[in-house]
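Student: return atomic coordinates for the entry below.
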Amino acid sequence: MKTFLYGAVLTALLSTAAHAETIGVSMAKFDDNFLTVLRNGMQDYAKTMKGVTLQVEDAQNDVAKQQSQIQNFIAAGVDAIIVNAVDTDATTAMSKIAADAKVALVYVNREPVNVDKLPEKQAFVASEETLAGTLEAKEVCRLLGGKGNAVIAMGELSNQGARMRTKAVHDVFATDACKGIKIVEEQTANWERTQGADLMSNWLSSGVAFDAVISNNDEMAIGAIQSLKAAGKDMKKVVVAGVDATQDALSAMQAGDLDVTVFQDAAGQGKGALDAALKLAKGEKVEKKVYIPFQLVTPENVKTFVAKN
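Tutor: Numbering: from 1, shown residues only. Predicted structure coming up:
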């Protein structure tokens, strides 16, 4: 009887161990509002899963540190890796490291280069960046009546998302309905609120005339708003647009300062990345690109999104 019970307990322990999975997560940086929501959403989701453990690391916006984290995850024997890339142009090397080690890898939020040619057991989970720029630009065009001057605050130029969102804005303004809008300035503020504020201050001191500020994300848009208000500008005469629908952005919209943003489901991306990582670790099939929909946010529907990010 004792032998039988010992065997049953051992079997149960082995079964539990077989289902326990550790996922290494390398985030580009922790000090970012949107990425914090993504990271928290992923961690909260993992807590609902029996036997799933996340090992989350901050790459501190350092490509070399992120590659080292990936190598350390592999050495530690993780079942899969999730990466929010510091520099999307560096993802080819990261993919090779994981592929050579035969460890599943999922990129989240920031699109890797050659995404359609990712190795086996690798995938990308995010929202389709072109749609974000398109939704943002079309609403700005509508608010301006298809005429006026616009400035664009871009994210990090090494980031595929920044390039795609910016191109989408250009494409919208090239259409017949919006070709009366001229882009008079276009510079990077690296996704940062402080840099967005500094960039706007530089434009204002240089005498740049514009009717709209189009930002690749909410943080830079909020920075621009801060500088506009500090300069005594009437916010009712300037259209300001961002992307992400962060809590700070939604508050700015309710205060009448931000006119447009685009909801990017941060927690949804985190959950989707974890689901994909677990499936790939088990040898299951996953689409190379898994998209979580973007949604336009305006003062008319802002209350719908207040609790989402």
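Student: residues of stretch 69-88 that come out buried?
Tutor: Of the residues in stretch 69-88, those with enough neighbours to count as buried (16 or more other Cβ atoms under 10 Å) are 69-70, 73-74, 78-88. To be clear about C-beta, it is placed using only N, CA and C from the backbone, and glycine gets the same treatment.
Student: from those, which land in helices?
Tutor: Under the assignment DSSP state H, the buried residues of stretch 69-88 contribute Q69, I70, F73, I74 to helices.
Student: measure the residue positioned nearest the centre of the chain to Y291 for me?
Tutor: Centre of the chain computed as the mean C-alpha position; nearest residue by Cα atoms, centre = their mean is N109, 4.0 Å away. With the distance defined as Cβ to Cβ, to the nearest Å, N109 ends up 12 Å from Y291.
Student: next: D259.
Tutor: Counting by Cβ to Cβ, the separation of D259 from Y291 is 26 Å.
Student: who's more crowded, those two?
Tutor: For D259 versus Y291, the count of surrounding residues by other Cβ atoms under 10 Å is larger for D259: 22 against 15.
Student: make sure that one is actually in contact with V239.
Tutor: Yes. Look at D259 against V239 with Cβ atoms under 8 Å: they come within range, at 4.9 Å.
Student: overlap in contacts, the two.
Tutor: V140, L143 (Cβ atoms under 8 Å, 6 or more residues apart in numbering).
Student: flag the shaky bits of this protein, pLDDT-wise.
Tutor: Within the chain, the set of residues satisfying pLDDT under 70 comprises 1-19.
Student: how is it divided into domains?
Tutor: Using automatic domain parsing, the domain parsing of the chain gives 2-125+266-291, 129-263.
Student: redo those domains as a markdown table? Include distance to K308.
Tutor: Written out in a markdown table, the entries for the domains of the chain read as follows (distance: least, Cβ to Cβ, whole Å):
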| stretch | distance to K308 |
| --- | --- |
| domain 2-125+266-291 | 8 |
| domain 129-263 | 7 |
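Student: among those domains, which is nearest K303?
Tutor: For K303, the closest of the domains of the chain is domain 129-263, at 8.3 Å, according to Cβ to Cβ.
Student: what about the closest one, start to end distance?
Tutor: Looking at domain 129-263, the gap from its leading to its trailing residue is 12 Å under the measure Cα to Cα, to the nearest Å.
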